[in-house]
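Chemist: Sequence below, structure please.
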Amino acid sequence: MSGSGGAAEAVAAEADPAKELLWARPGFLVRRLHQIHVAMFFEECKSPNITPVQYAILTVLSVLPGLDQTSLGQEVGLDRTTTADVVRRLEERGLVERRDNPADRRTRHVHLTREGKSVVTALRADMARAQERMLAPLKPAQREVFMDLLATLVEANNQYSRTVLRSL
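Modeler: Numbers count the residues shown, from 1 in each chain. This is a model prediction of the structure:
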């Protein structure tokens, strides 16, 4: 009896209708891959307790210092409210500072502090390791194709996001 139960369980495991439906949906797989990436990010970048979104903002500021908050949000695909909230939290931690724009009192420019620059530098190798781990199952040629396809999909569908990225 245990022999036939094992075979039935094996057949049931192979025929998973929910998995078949979900794994045929690119949105599901993209969301799942994002969850996996976030988990890997936190495993690799555990020291200063920075989120992927916070690291994206810090990274942008490391190469484009002094952006106003709206432009900063457009660089990373965040709406104005979320950008202001993330920047506020980074400012409270001493990683960025906001400065009023003397030419336009409605805007504030964001700059990395010395500590913020240190965090970007310190996490660069950790972030690279997280990216490498996520792409590790792919051969080098597959990685290139995968990244090209992702970029194509993001660029072609950019206008449908709640926050459109700056012109790609």
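Chemist: Kindly tell me how buried residue 78 is, as a neighbour count.
Modeler: 23 (other Cβ atoms under 10 Å). In this view, the C-beta of every residue, glycine as well, is placed from N, C-alpha and C.
Chemist: and if you look at the one 4 residues further on?
Modeler: Using other Cβ under 10 Å as the criterion, residue 82 is surrounded by 15 other residues.
Chemist: what's the single longest strand in the protein?
Modeler: Using DSSP state E, we find that the single longest strand of the chain is strand 104-112.
Chemist: Check the offset of whatever helix or strand comes next after that one from the chain's centre.
Modeler: Proceeding C-terminally, strand 104-112 gives way to helix 114-135 as the next helix or strand, assigned by DSSP states H and E. How far helix 114-135 lies from its chain's middle: 13 Å, per Cα atoms, centre = their mean, to the nearest Å.
Chemist: coming back round to it: name every strand pairing with the longest strand of the chain and say which way it goes.
Modeler: In the sheet, strand 104-112 lines up against strand 67-68 (antiparallel), strand 96-101 (antiparallel) (DSSP bridges).
Chemist: which parts of it are buried?
Modeler: Neighbour-count burial for strand 104-112 flags 108-110, 112 (criterion: 16 or more other Cβ atoms under 10 Å).
Chemist: what does stretch 122-130 give?
Modeler: When neighbours are counted by 16+ other Cβ under 10 Å, the buried residues of stretch 122-130 are found to be 123, 126-127, 130.
Chemist: between these, which is closest to residue 158?
Modeler: Nearest to residue 158 among the buried residues of stretch 122-130, counting by Cβ to Cβ, is residue 127 at 23.2 Å.
Chemist: My guess is the closest one contacts residue 44. True?
Modeler: Yes - counting by Cβ atoms under 8 Å, residue 44 is a contact partner of residue 127 at 7.1 Å.
Chemist: Show me what the host helix or strand of residue 31 is packed up against.
Modeler: Residue 31 is part of helix 26-44, with elements assigned from DSSP H and E. Helix 26-44 sits against helix 52-63, helix 114-135, with contacts defined as 3 or more Cβ pairs under 8 Å, 6 or more residues apart in numbering; DSSP states H and E.
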